[in-house]
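Asker: sequence and predicted structure are below.
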Amino acid sequence: MAKNLLIVESPAKAKTIEKFLGSNFQVKSCYGHIRDLEKDEMGIDIDHGFEPRYIVPDEKQKVVSELRKLAKSSDEVWLASDEDREGESISWHLAEVLGLDPATTKRIVFHEITKPAIQKAVANPRTINMNLVNAQQARRVLDRIVGFEISPVLWRKIGMQRSLSAGRVQSVAVKLIVEKEREINDFNTESSFAIVAGFTAKDINNKDVAFTAEGARQKQIGDAEAFLKSCFGANYKVNDIQVKPGKRTPAAPFTTSTLQQEASRKLGYSVSKTMQVAQRLYENGHITYMRTDSVSLSETATAAISAEIAASYGQQYLQVRKYKNKNESAQEAHEAIRPTYMDKHSLNEDDGRRLYELIWKRTIASQMADAVLEKTTVKIGISTTPAELSASGEVVKFDGFLKVYTEGTDDEDEQDASRLPLLAVGQALQFVEMTATEKFTRPGARYTEASLVKKLEELGIGRPSTFAPTISTIEKRGYVEKKDKEGTKRSIRKLRLVANAVTQLLEAEVFGTEKSKLFPTDLGFVVTDFLNKHFDNVMDYGFTANIEGKFDKIAEGKQVWSSMVRDFYDPFHKDVNLTMETAERATGERIIGEDPESRRPVLARMGKYGPMAQIGSPDDEEKPRYASLRAGQSIETITLAEALDLFRLPFSLGTHQGMEVTVGIGKYGPYVKMGEQFISLPRGEDPLAVDMPRALALVGEKAEADAPIATHQNLPVTKGKGRFGPFIKWNDLYINIPRAYNFDTLTQADCSALIEQKVAKEANRFIQQWPAEKITIENGRWGPFLRFGKKMLKLGREGKSKFTPEEAATVTLEEVKAMILTQVPSAFDKKLPAAKTAAKTGAKKPVAKKAASSKSAAAKPKAAAKRK
């Protein structure tokens, strides 16, 4: 048994570090946090200094038990969790659970997982920094308070089956996205006409080189036409040339946020994917610690980078730089993200190579010479008018850091400077053509995940370790969607001057195309407006950033964490109570107009199951009519015409083969129904445009798709494409098609092989089954478990929490039902028919209201049955 036990967070990290230490060390992983706050009553004692009540979750009991045994049998325990506040907190929790003294237990930190770094850390241990622990504890406690106190308010005042939550950082992030969307919705587009003239001139090889020059923009098409006509018969010559030296300086090495932004621009990675890949690169010893807001490089690293630049590119490309953080509170680590070995330009492994190369290039470029440029501006005179045209270009005289790396940009309008031929003042130019093209102003771009991180960092909200989980949370909660948006076609007017004649053209362009942008949902709008109204402090950008500053003071030992939380809690708790008592229910209601038939108001609002349109109000004699909004529609932007169209569904197209054919919209989107069969419309197809021929075509396509492609044991095999990709279906068994098979050309042999593999796998899955009760006992990764309907439940009873597969096979149905009832008390409740319920409870029979018109009744949307 090794004398020393060293504990890290991840198995990969443990495996890498163990290679560098001798036999005296055993390196084990705690798999991240081993304790968390209790769920009951927030897990915080509000009345006694916000004392947290921590527990070891069930899934960590085995890990903790193993670590306790190892700790008892070791001479000394070393804690080597990550160097940020989160890591310091993990070390403290380990000390508490393992019975170690935080004041004497050896704690080591390192920026990179290399042999010299690990050996240096072991030679220079410290103790647990309680200031960092308290800063992390303050963040955890305060965020738990905000979530636990505001979330019930949202459940009561908005609804949505207790799926809503609020958070100190997540709610502010959603607010940014909501404000951006409203800014875009309120933007008034204006047009103008861009003047561009084409010329040719001779280069040094006496070859014609084409280039363009721009004139002043014209506001109206009449102004643009007048300008082009003023150039009839004109001669063009160079009036002036201005040549100015310029330079471009490399960007600083990566921090967490700049790595997330650049990986998004250059690699198309999401923020969470970037962090997952970076985590693996760090744990495998390829890069330094990846959660940092520092841009500095160590002297050792700078020397290694300098040597690599000199060897690979030459001494003229080297320019040593020291970068300083703009953010004075940068504290998560002490060095930027960089490769651990600069002579390793790439990796052999596929996973992580692209991100590693991006980090390597950025690091190398940060210590390279400036790029030397020559910027040229040429003024071109027009003989028939005093107006001038302007052409500009850029020549790279020395590429410097551009030899390795060019930083990306979020500016969608940014264009690279063009190249110009060698020109001289007074030189006559050969005119080709001049155009005046209609251009439209555009609102600011929606946020990508990376540009949202950039904005949060600019506002001082959150820290490197919080960006990725914040974005994941707001997407999972349904407040924000990351999606693509198809562009819209529009006509643009264009004038063209050639040979003293102006012609007018009408061209088309697609605008508004978006890729992987963040869009607020209607729920995001409603929740943000509610929080803005009732919890303005929590939603204030400056206030949220100020809280981050207080966490920094706690980390520096300048503020007591519990006092800071108390200062926040007292006024906040009063707001919570006041809101719960006095706030009205929030629906985001927006009156759109009036129904021309009934003269009742038409509005859009949030309902129990999502955004919907409504005609009338509950106070009317006739009941209101409701219709769910379609995908892509929003409470904020839906028009009266679009809302009224929703009430046309479902509608009948007539009958075919004795069965009614209808078009409607349900839980799973627009559909065609023939008899009892539902057929989903292809994505993007307008249900209101479906006629009988199209409906029958869809029915035919569905019948063809559902036709058997093979048989197995005398039962048909069909195929289809579902939520999780292509599949075949046999005997109510769905089998996903692996990539090794060609879905379009599946043979009888292929189908039989896939079915037999699935059946064999399913045979090992079920221990016991009661189909009529919808109850099964199944083998799981962590042992047998119960499945009741769609719910996965624990298989256990008092005195026995775990069963072996053999023991699970002997459990009776009655015992299983008892286990289910302890976890789902209402599992077997049967709802009485309405009449019996009323009689049993003594409820009065409701007063009959005026019957709705047949048209109104038919217009109520019907939920489609679940369709494949």
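Answerer: Thanks, I have the structure now.
Asker: what about the closest residue to residue 736 other than its chain neighbours, how many residues nearby?
Answerer: The shortest distance from residue 736 to any non-neighbouring residue, by Cβ to Cβ, 6 or more residues apart in numbering, is to residue 727 (5.3 Å). C-beta coordinates here come from the backbone N, C-alpha and C atoms, glycine included. Residues lying near residue 727 (other Cβ atoms under 10 Å) number 19.
Asker: the one 10 residues further on now?
Answerer: Applying the criterion other Cβ under 10 Å, we find 18 residues in the vicinity of residue 737.
Asker: where do the helices of the stretch 551-700 of the chain begin and end?
Answerer: Along the stretch 551-700 of the chain, counting by DSSP state H, counting those that start in this stretch, helices occupy 561-582, 640-646, 692-706.
Asker: need the winner for burial among these.
Answerer: Among the helices of the stretch 551-700 of the chain, helix 640-646 has the highest mean neighbour count (mean count of other Cβ atoms under 10 Å), at a mean of 17.
Asker: let me have the helices of the stretch 551-700 of the chain in CSV, extended by distance to residue 351 and mean pLDDT.
Answerer: Listed next are the helices of the stretch 551-700 of the chain as CSV, based on distance: least, Cβ to Cβ, whole Å; pLDDT from 0 to 100:
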stretch, distance to residue 351, mean pLDDT
helix 561-582, 39, 95
helix 640-646, 46, 93
helix 692-706, 37, 90
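Asker: okay, these in JSON lines with distance to residue 247 next?
Answerer: JSON lines is the format used below for those (distance: least, Cβ to Cβ, whole Å):
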{"stretch": "helix 561-582", "distance to residue 247": "46"}
{"stretch": "helix 640-646", "distance to residue 247": "53"}
{"stretch": "helix 692-706", "distance to residue 247": "62"}
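Asker: ok, which of these comes nearest residue 442?
Answerer: Nearest to residue 442 among these is helix 640-646 (23.7 Å), distances taken as Cβ to Cβ.
Asker: from the contact counts, what lies against the closest one?
Answerer: In terms of contacts (3 or more Cβ pairs under 8 Å, 6 or more residues apart in numbering; DSSP states H and E), helix 640-646 is packed against strand 590-594, strand 601-607, strand 625-628.
Asker: for the residue nearest to residue 736, helix, strand, or coil?
Answerer: The local conformation at residue 727, judged by DSSP: H, G, I helix; E, B strand; the rest coil, is strand.
Asker: how much space between it and residue 682?
Answerer: Taking Cβ to Cβ, to the nearest Å as the criterion, residue 727 is separated from residue 682 by 19 Å.
Asker: same question, residue 444
Answerer: Taking Cβ to Cβ, one finds residue 444 at 33 Å from residue 682.
Asker: cool, and residue 484?
Answerer: 17 Å.
Asker: tell me the angle the longest helix along the chain makes with helix 561-582.
Answerer: Assignment by DSSP state H gives helix 130-157 as the longest helix of the chain. What separates the directions of helix 130-157 and helix 561-582 is an angle of 0 degrees, with axes from the mean of the first three to the mean of the last three Cα atoms, to 10 degrees.
Asker: please point out which parts of helix 130-157 sit buried.
Answerer: Neighbour-count burial for helix 130-157, with 16 or more other Cβ atoms under 10 Å as criterion, is recorded at 131-151, 153-154, 157.
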